[in-house]
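# only the shape, not the letters, is given here:
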């Protein structure tokens, strides 16, 4: 998510010329598709027993209210870009940063024992990158 936000900030400032420098991107247990289950998994690590039940209700309420609000804005024509929803795709864009190109190495670090970021999500994203011709490497544990 931080890469996408930095990219947006750079693009809204001033025109950044494309430059060629040696670079690489390291994705550590990311990216993920944000959904209510992922949010609940991450929250379960932070909140003990009874607080988790209350937090779970709050997260579900917040999540579904956001979905409904987004749909309403879409119908009214006032929808704005949702960075959480689009970060998955944005990380594959060549204009993410001025120094990124198809030959920029991408290293994905992820684990099957990670209970918050599912390995299957990371694998799906790295396979999409490979399919688009990016130089993708992975370390899976």
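Received the coordinates, thanks. All values derive from a computational prediction rather than experimental measurement. Residues are numbered from 1 along each chain as shown.
# which other helices and strands contact the longest helix seen in the chain?
With secondary structure taken from DSSP state H, the chain has its longest helix at helix 49-76. With contacts taken as 3 or more C-beta pairs under 8 Å, 6 or more residues apart in numbering; DSSP states H and E, helix 49-76 sits against helix 36-46. For glycine as for every other residue, the C-beta is placed from the backbone atoms N, C-alpha and C.
# quick one: residues contacting residue 94.
If you count contacts by C-beta atoms under 8 Å, 6 or more residues apart in numbering, residue 94 has them with 100-102.
# now the longest helix of the chain: buried residues?
Taking 16 or more other C-beta atoms under 10 Å as the basis for neighbour counts, the residues of helix 49-76 that come out buried are 52, 55-56, 59, 63.
# which of the residues you listed sits closest to residue 132?
Closest approach to residue 132 among the buried residues of helix 49-76 (C-beta to C-beta): residue 63, at 29.9 Å.
# and the gap between that closest one and residue 56?
Here residue 63 is placed at a distance of 11 Å from residue 56 (C-beta to C-beta, to the nearest Å).
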